[in-house]
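Asks: I would like to see how this sequence folds:
(2 chains)
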Amino acid sequence: MKNTVVKIDNLVKRYGELVALDHFSLEISEGEIFGLLGPNGSGKTTTINCLLSLLSFDKGNIEIFGKKMAPTSYDIKKDIGVIMQNVAVFDELTVYENIDYFCGLYISDKELRKQYVDEAVSFVGLEDFLKFRPKKLSGGLLRRLNIACGIAHKPKLIILDEPTVAVDPQSRNRILEGIEELNRNGATVIYTSHYMEEVEQICTRIAIMDKGRKIAEGTKDELKSMIRNTETVNIELIGLTDDIKAKIAELPHVYSTEYDGTKLTVCCSGGKHNLIRILGVLQENDLGFGRVYSELPTLNDVFLEITGKALRDDADSAKKAAPHEKANKKENFR
Amino acid sequence: MFLHNLKYELLCNLRAPALIAWLMIFPIFLGIVFRIGFGSIYENNDLFGAIPTAVVETEKDEIFGRVIDSVSGEGSPLLIVTYADNDKALDMLKNGEVKGIIYSGGKVTLTVAGKGIQETMLKAFVEQYGVYETIIRDALEHDPAKAPKVIEALSSDIKACTEIPMTQGNPDPYAQYFYNLIAMVAIFGSVTGLHITENNQANMSPLGAKKNCSPTPKSISLIASLTGSFIAQAVCMLICVTFIVFVLKVDFGGRLPLVYAAAVTGGIMGVTMGFFIGSIGRLSNEFKNGIAMTVSMVGCFLSGLMVGSMKAVIAEKLPWFNNVNPVAIISDCFYCLNLYSDYDRFNFKMISMLVYIVVFTALGIILSRRKKYASI
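Replies: Residues are numbered from 1 along each chain as shown, chains lettered A, B, ... in the order given. Presented below is the predicted three-dimensional model:
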């Protein structure tokens, strides 16, 4: 059995009347890429800040590497790498100097540090930008620098708090591949995001958060198996009558049908050959159709079914509902 | 860890655009502006040198002749006198060879071509003579035996008005603008001090949060930041004083090492003031910056940077305030070094600065030492 790297037990954090973390518990094992998924304001960053002992909390207990985490737990901190949501680098320092500075907070030996910095530079592909100042870098390169600063000291636990926000798809893919490589090299990773595709792509286990609570936890397959939806069939067609729609709704495993005049959407729960049966009804009624495709459930479907709202749709409203986070997310100031 | 932090703190400070702009370029620019503005009236020789003057005697005036002899004789004469007829005197005035023409015989009158300090001094001399002439004539009428002594006494009185050497330093009133300029640079160190808190407090910036996640103790990080800022500020102060003294040729007296020491101490006080302001509560960085700039600029104003007479007004109306205004304390150090032969007042000002440094640093550390934050 693998060692438990992070154990959060019954964590409660309040901002006045607002409960940011509501009896939140979590266990993360060695070697995992653990995803914390939830809309903005769901409590992901608050969880990370409590985990790192930056934030005080009202109740609960946090252990990392089997030891209680405190602000002065320097022996624990030396094995943690943090990549913050906001880019945290010095504008006055070059790319190389920034990485060297942050690596130097963890590694005293100059020779070893130089080796680690060179490896970090190579890892994020910033070899051609070593003498650049951060302001000269594009958004994607800046994010890569931010990551290099966080992982240069080869931590055992890497915490990435929404590292791909405002990053172009190419850089995003590179970052995700890098995270998987870090994990292959032995690091345990905690990855927070409100992008379900990213979490689905790289995380071995996922916890879905909403309003400071953990609403589901497991592998992506386990999470998807928690919901009724197993397949969504989409058919582009014109002239669907209510009678035919009712016939489709009566088919086995079909629990929902929607028609907007050009597209029929049928949600199924379990069963096989759903698509063939639906197409059979259309054929019997001599109805022609265009493009046909079937979708497997996503984490958004999981979130939608559990909370009654979509992950992304909720992002803006959640942001408004969590003024403490909005107000406190500062841009780099120098 | 400490040296590593210090190295990068220094690099950041010396490359920071705000520091270069406010602590190097701006004071150099302002110093040049002051120098150009005060240039024509600045030189000691111009102010207190003997004034070339033509004397036209329309008729013989023994009393005036003796007074003229006494103010143009050996030592530190007020006037360099050339006796001439009216036409020649006018030519000399026109050519700039003399600053004015004094007509004696009957009522003593003056003709000048300009409105400078030396012309003003000539006018004061002639007016003063007009007053004393009455006394002398009265003495001649009532006690002729004592007349020579009266003339000598009054003549020396007139002479004393021209230059009273109270000090060996530069008594130029415009030098205080340069004292205040250096004090302003020192107090602008508060901008550097603000960054210390910003960069080390997890609730102030992402950088602060990231630093707090590292195994480097906050105390080491803070001390390195403070030391780095002190050194950077000291460099700025040394550059500023050197530029003013050696490039702009402003006379700060003969105790230059102490001038440098006062400037560096003032700069460190400015940094600690910023550190303290930065550590206060959960105000935004912009607001704290506003507080630091307001304190600095108001301090500069009340110290006489913008209006030269302001410091004297404060000294008269609120004398205690000049002992608590950090800018006034710094500029007073230069004033004392330049004009006073003893060190009592200078020492008092230096001790005041050291007290400020200790208090600001202690309060800053106390306010920064929280280990966890209620919100980030």
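
Asks: For the residue of chain A most remote from its centre, which three-state class applies?
Replies: What lies farthest from the middle of chain A is residue A:286; by C-alpha atoms, centre = their mean that is 45.6 Å. Secondary structure, DSSP: H, G, I helix; E, B strand; the rest coil: residue A:286 is coil.

Asks: Roughly how far does residue A:69 sit from chain B?
Replies: 11 Å (C-beta to the nearest C-beta, to the nearest Å). Every residue, glycine included, has its C-beta placed from N, CA and C.

Asks: so how far is residue A:257 from residue A:160?
Replies: 40 Å (C-beta to C-beta, to the nearest Å).

Asks: Same question for residue B:362.
Replies: Taking C-beta to C-beta, one finds residue B:362 at 73 Å from residue A:257.

Asks: between the two, which one's more packed in?
Replies: A count of neighbours by other C-beta atoms under 10 Å in any protein chain shown puts residue A:257 above the other of residue B:362 and residue A:257, at 19 against 12.

Asks: what residues are up against that one?
Replies: A:245, A:248, A:249, A:264, A:265, A:266, A:267 (C-beta atoms under 8 Å, 6 or more residues apart in numbering or on different chains).

Asks: Weed out the non-buried ones from these.
Replies: A:245, A:248, A:264, A:266, A:267 (16 or more other C-beta atoms under 10 Å in any protein chain shown).

Asks: how close does the fourth one get to chain B?
Replies: This points to residue A:266. Distance from residue A:266 to chain B, by C-beta to the nearest C-beta: 46 Å.

Asks: and if you look at the third one?
Replies: As for residue A:264, its distance to chain B is 48 Å (criterion: C-beta to the nearest C-beta).

Asks: what's across from the residue positioned nearest the centre of chain A in the sheet?
Replies: With distances taken as C-alpha atoms, centre = their mean, residue A:193 lies nearest the centre of chain A, 2.8 Å away. Residue A:193 forms beta bridges with residue A:37, as assigned by DSSP bridges.

Asks: wouldn't it be in contact with residue A:162 here?
Replies: Yes. Applying C-beta atoms under 8 Å as the test, residue A:193 and residue A:162 come out as touching, 5.6 Å apart.

Asks: can you give me the strands for the chain?
Replies: Picking chain A for this. With strands called from DSSP state E, chain A shows them at A:4-15, A:18-29, A:33-37, A:59-64, A:67-68, A:80-83, A:157-161, A:188-193, A:205-210, A:213-218, A:231-236, A:254-259, A:263-268, A:292-295.

Asks: wrong chain, I was asking about chain B
Replies: Using DSSP E, strands in chain B cover B:51-57, B:79-83, B:100-104, B:109-112.

Asks: Please identify which of the ones you listed is closest to residue B:304.
Replies: Counting by C-beta to C-beta, residue B:304 lies closest to strand B:51-57 out of the strands of chain B; the figure is 29.4 Å.

Asks: got the contact list for the closest one?
Replies: Taking C-beta under 8 Å, 6+ apart as the rule, strand B:51-57 contacts B:68, B:78-86, B:88-89, B:92-93, B:97-105, B:118, B:121-122.

Asks: Those, buried ones only, as a ChimeraX selection?
Replies: The buried subset of the contacts of strand B:51-57, as determined by 16+ other C-beta under 10 Å, is captured in ChimeraX by this line:
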select /B:68,78,79,81,82,84,89,92,93,98,99,100,101,102,103,104,118,121,122
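
Asks: Would you reformat the strands of chain A as TSV and include mean pLDDT?
Replies: Output for these, formatted as TSV (pLDDT from 0 to 100):
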stretch	mean pLDDT
strand A:4-15	95
strand A:18-29	95
strand A:33-37	94
strand A:59-64	96
strand A:67-68	96
strand A:80-83	96
strand A:157-161	95
strand A:188-193	94
strand A:205-210	93
strand A:213-218	93
strand A:231-236	92
strand A:254-259	93
strand A:263-268	93
strand A:292-295	91
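
Asks: what's the closest of the ones you listed to residue A:127?
Replies: strand A:80-83 (19.9 Å).

Asks: Could you spell out the sheet neighbours of the closest one, each with its direction?
Replies: With DSSP bridges as the test, strand A:80-83 pairs up with strand A:157-161 (parallel).

Asks: How about residues contacting the partner strand?
Replies: Here strand A:157-161 has contacts from A:5-6, A:44-45, A:48, A:51-52, A:64-65, A:79-85, A:147, A:150-151, A:179, A:182, A:187-192, using C-beta under 8 Å, 6+ apart.

Asks: and it with strand A:18-29, angle?
Replies: For strand A:157-161 against strand A:18-29, the angle by axes from the mean of the first three to the mean of the last three C-alpha atoms, to 10 degrees is 150 degrees.

Asks: what's the spacing between strand A:157-161 and its chain's center?
Replies: 11 Å (C-alpha atoms, centre = their mean, to the nearest Å).

Asks: CA-only coordinates of that strand in PDB, if you can.
Replies: These are the backbone C-alpha positions of strand A:157-161, laid out as PDB (Å, rounded to 0.1, in the frame of the first residue of the first chain):
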ATOM      1  CA  LEU A 157       4.900  17.000  -3.600                       C
ATOM      2  CA  ILE A 158       4.000  19.500  -6.300                       C
ATOM      3  CA  ILE A 159       1.000  21.700  -5.900                       C
ATOM      4  CA  LEU A 160      -0.300  23.400  -9.000                       C
ATOM      5  CA  ASP A 161      -3.100  25.900  -8.500                       C
END
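
Asks: List the buried residues in it.
Replies: A:157, A:158, A:159, A:160, A:161.

Asks: Ok, stretch B:121-130 next?
Replies: By 16+ other C-beta under 10 Å, the buried positions in stretch B:121-130 come out as B:121, B:122, B:125, B:126, B:129.

Asks: Spell out which parts of the stretch 1-150 of chain B neighbour chain A.
Replies: Proximity of the stretch 1-150 of chain B to chain A is confined to B:1, B:4, B:5, B:8, B:11, B:12, B:13, B:15, B:16 under the rule C-beta under 8 Å from any C-beta of the partner chain.

Asks: Show me where the stretch 151-300 of chain B has its helices.
Replies: With DSSP state H, counting those that start in this stretch, the ranges of helices along the stretch 151-300 of chain B come out as B:175-187, B:189-200, B:206-212, B:218-242, B:256-279, B:285-303.

Asks: Oops, could you answer that again for the stretch 201-334 of chain A instead?
Replies: A:220-225, A:242-249, A:274-284, A:299-307, A:313-321, A:323-328.

Asks: so what's residue 64 up against?
Replies: Picked chain A for this. Counting by C-beta under 8 Å, 6+ apart, residue A:64 has contacts A:5, A:6, A:7, A:51, A:73, A:76, A:80, A:157.

Asks: wait, I meant chain B there
Replies: B:104, B:108, B:129, B:133.

Asks: Read off the pLDDT value for it.
Replies: Per-residue confidence (pLDDT) for residue B:64: 82.

Asks: Quick check: residue B:335 touching residue B:179?
Replies: Yes. Residue B:335 is within contact range of residue B:179, at 5.9 Å (criterion: C-beta under 8 Å).

Asks: quick one: which of the two has more around it?
Replies: It is residue B:179, of residue B:335 and residue B:179, that has more neighbours when counted by other C-beta under 10 Å, with 29 against 21.

Asks: By mean pLDDT, point me to the weakest helix or strand of the chain.
Replies: Went with chain A since none was named. helix A:323-328 (a mean of 38; mean pLDDT, DSSP states H and E).

Asks: wait, I meant chain B there
Replies: helix B:44-48 (a mean of 51).

Asks: That's all I had, so thanks and see you.
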